[in-house]
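*Asks:* curious how this folds, go ahead:
(one chain, ligands or ions: 2)
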Amino acid sequence: KANRTFHPENTIINIGNQTIGGNQVAIIAGPCSVESREQIVNIAQEVKAAGAGFLRGGAFKPRTSPYSFQGMQQEGLELLKQARAASGLPIVTEIMSIKQLENHHEDIDIIQIGARNMQNFDLLKAAGQINKPILLKRGQSATVEELLMSAEYIMAGGNEKVILCERGIRTFETYTRNTLDLSAVLAIKRLSHLPVIVDPSHAAGLWWMVDSLSKAAVAVGADGLIIEVHQDPSNAKCDGQQSIKPERFTSLMKSLREIARID
Ligand code: PEP
Ligand code: MN
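*Replies:* Ligands and ions are numbered 1, 2, ... in the order given. Modelled structure (predicted):
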């Protein structure tokens, strides 16, 4: 179902008055994690003013260490809904389990399945049963073929609203958190009709690379970007080192508009 051979036209996913996969670049921006009402409502207004189309923010966080901040959980989701009401931006957030999916899918505009769950086949099957767009991130060590097969799991259940995301893969390189595989965007677009977006933040793990990698992603034809933005990156509860400040996001949006259509 994800294969372009049987579906030559690009899939366009409609979310409210926004689209992903059409002839414009979708911009999803916001903090790694929801930390407080003030934080998420302010950042929602800031990224909206800069021209983002969607708000991201993690409530359920897949952290490497069980002792790290695990996200505000359900309370975080409530705050995201308040930020959506305040800004008008649809919300993108990760769920990590079938239970979270069942309990919360109605509240979320785009449901993120993270890199670590890309091959959680039971979760993918459950995502296939709901009628909400799924943002499926590439696993850290997954091939393009494996990513497409995971999309297939969701689509086989009847949910064809799948957005793929290249977020960097593990290589021998340690300077960056992951290695951004821009050729994957080209490969996926050749093999599949599904929209593909790029996450330069988790790929690089370094805030100062985010602008240039964003431009590069748009230049190779990505359908969108998901970017971490935080008011005070050095005090962020998660991923501060890869988060850009709202001012920098605003200037990035200006330069992206020179190379792509962003409404
Ligand atoms: C995230 O988007 O905050 C995240 C945890 O991403 P990934 O699953 O790509 O690591
Ligand atoms: Mn993050």
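*Asks:* if you skip the residues just before and after it, what's nearest to the closest residue to ligand 2 within the chain?
*Replies:* In the chain, no residue comes nearer to ligand 2 than residue 32, which is 3.3 Å away by CB to the ion. Quick note: C-beta positions are derived from backbone N, CA and C, even for glycine. Leaving out its chain neighbours, the residue that sits closest to residue 32 by CB to CB, 6 or more residues apart in numbering is residue 239, at 3.8 Å.
*Asks:* just list the residues touching the residue of the chain closest to ligand 2, thanks.
*Replies:* Neighbour list for residue 32: 57-58, 61, 201, 228, 230, 236-239, 242-243 [criterion: CB atoms under 8 Å, 6 or more residues apart in numbering].
*Asks:* 10 Å - rerun?
*Replies:* For residue 32, the contacting residues are 56-58, 61, 69, 71, 201-202, 228-230, 233, 236-240, 242-243, by CB atoms under 10 Å, 6 or more residues apart in numbering.
*Asks:* count the neighbours of whichever residue of the chain sits closest to ligand 1 for me.
*Replies:* Closest approach between the chain and ligand 1, counting by CB to the nearest ligand atom: residue 114, at 2.9 Å. By other CB atoms under 10 Å, 21 other residues sit near residue 114.
*Asks:* what does residue 8 give?
*Replies:* Neighbours of residue 8 (other CB under 10 Å): 7.
*Asks:* wait, doesn't it sit right on residue 193?
*Replies:* Yes: counting by CB atoms under 10 Å, residue 8 touches residue 193, with 7.0 Å between them.
*Asks:* one step back: and ligand 2, which of the contacts of residue 32 contact it?
*Replies:* residue 239 (CB under 5 Å from the ion).
*Asks:* let me see the contact set for the residue nearest in space to the middle of the chain.
*Replies:* In the chain, the residue lying closest to the centroid (CA atoms, centre = their mean) is residue 226, at 4.6 Å. By CB under 10 Å, 6+ apart, the contact set of residue 226 is 26-30, 54, 56, 92, 110, 112, 135, 137, 163, 165, 167, 197-202.
*Asks:* confirm it sits in a strand?
*Replies:* Yes: when DSSP: H, G, I helix; E, B strand; the rest coil is applied, residue 226 is found to be in a strand.
*Asks:* nearest residue to residue 72 other than its sequence neighbours?
*Replies:* residue 34 (5.3 Å).
*Asks:* OK, contacts around the one you found?
*Replies:* So residue 34 contacts 40, 43, 55-59, 61, 71-73, 75-80, 82-83, 91, 93, 237 (CB under 10 Å, 6+ apart).
*Asks:* do you know how far it is from residue 94?
*Replies:* Counting by CB to CB, to the nearest Å, the gap from residue 34 to residue 94 is 11 Å.
*Asks:* shared neighbours, the two?
*Replies:* By CB under 10 Å, 6+ apart, the residues touching both residue 34 and residue 94 are 56-59, 61, 71.
*Asks:* please flag which of those sit within strands.
*Replies:* Applying DSSP state E to the shared contacts of residue 34 and residue 94, the entries found in strands are residue 56.
*Asks:* tell me the one among the shared contacts of residue 34 and residue 94 nearest to residue 145.
*Replies:* residue 56 (26.9 Å; CB to CB).
*Asks:* which residue packs closest to the closest one, ignoring adjacent ones?
*Replies:* Among residues not flanking residue 56 along the chain, residue 30 sits closest, at 4.0 Å (CB to CB, 6+ apart).
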